[in-house]
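Engineer: When you get a sec, could you give me coordinates for this:
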Amino acid sequence: MISIDIVLLWLDLVGVFFFAVSGSLLAARKQFDIVGSVLLGSIVALGGGVIRDIVINAGPPIAFTNPAYLAPPLLAALLVYFLFSSVQRFTSLLTLFDAGGLALFCITGTLKALTAGMNPVAAILLGVTTAVGGGLLRDITANEIPTLFNARDLYALPAFVGAGLTTLLWHLGTFTGLSACIVAAVVFAFRVTAWRRSWHVPLAVRGWHRPGRGTGAISSARD
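Structural biologist: Sure thing, here's the model as predicted:
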């Protein structure tokens, strides 16, 4: 029987790699140098986990105590360095890798919160924070509008679904490596489908219009 700690470690490392690739891809598009690529990949890959470990008071963040967490950002930067010129026409790559990181980090963040004794609501919130925190830091650092606040996209909602399912399975005693993969697949599919089909939630104020729809900018409806 594989222990939950092993499952958590591997999910975390794979999520770090996916997020790191998204950061290095964005760095390439912004024409950063290789050092900037490594740093931006590290920010998005490790940022959410650092926030998570600080919130649950787990001591020094695992990103700074386990050398294995430094390898994925370096590998991601090298892969993008050698391969980006042949794949840059595929604009969906960044979103796909970001969705992979989101799907895994909402699980690991929730699991760490639950194992630390946090209540279900707090665990879900921390899982979502872990999932979206790195992407938020990446976009701000690269001077991009954060995907989290894109009115024509869903970003946090898939993470809420993943964190909620993880919490439910944990309390039912049925959380395993297999169920974790299923939850990650559901979140990934939800995120990518929402992006491809332009799914969205209502704006903050009733009657406002989305950019490019009717008025071409967010504006209040006439009385």
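Engineer: What residues sit buried inside stretch 115-131?
Structural biologist: Of the residues in stretch 115-131, those buried under the neighbour-count criterion (16 or more other Cβ atoms under 10 Å) are 116, 118, 120, 122-131. Where you see a C-beta, it was placed from the backbone N, CA and C, and this is true even at glycine.
Engineer: Which members of these are positioned in strands?
Structural biologist: Within those, membership in strands is found for no residue, as judged by DSSP state E.
Engineer: Throw those residues into CSV and include pLDDT and distance to residue 42, thanks.
Structural biologist: Supplementary listing: the buried residues of stretch 115-131 in CSV, determined by pLDDT from 0 to 100; distance: Cβ to Cβ, whole Å:
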residue, pLDDT, distance to residue 42
116, 91, 24
118, 94, 27
120, 96, 31
122, 96, 27
123, 96, 26
124, 97, 26
125, 96, 25
126, 96, 21
127, 96, 21
128, 97, 21
129, 96, 18
130, 95, 16
131, 96, 17
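Engineer: Take those residues and keep only those in helices.
Structural biologist: Using DSSP state H, 120, 122, 123, 124, 125, 126, 127, 128, 129, 130, 131 are the members of the buried residues of stretch 115-131 that sit in helices.
Engineer: got a list of what the closest residue to the fifth one other than its chain neighbours touches?
Structural biologist: Spelled out, that is residue 125. Residue nearest to residue 125 in three dimensions, not counting chain neighbours: residue 163, with 7.8 Å by Cβ to Cβ, 6 or more residues apart in numbering. By Cβ atoms under 8 Å, 6 or more residues apart in numbering, the residues touching residue 163 are 106, 107, 109, 110, 123, 124, 125, 127, 128, 131.
Engineer: With distance to residue 12 added, can I get these in a markdown table?
Structural biologist: Output for the contacts of residue 163, formatted as a markdown table (distance: Cβ to Cβ, whole Å):
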| residue | distance to residue 12 |
| --- | --- |
| 106 | 12 |
| 107 | 9 |
| 109 | 9 |
| 110 | 12 |
| 123 | 16 |
| 124 | 18 |
| 125 | 19 |
| 127 | 12 |
| 128 | 16 |
| 131 | 12 |
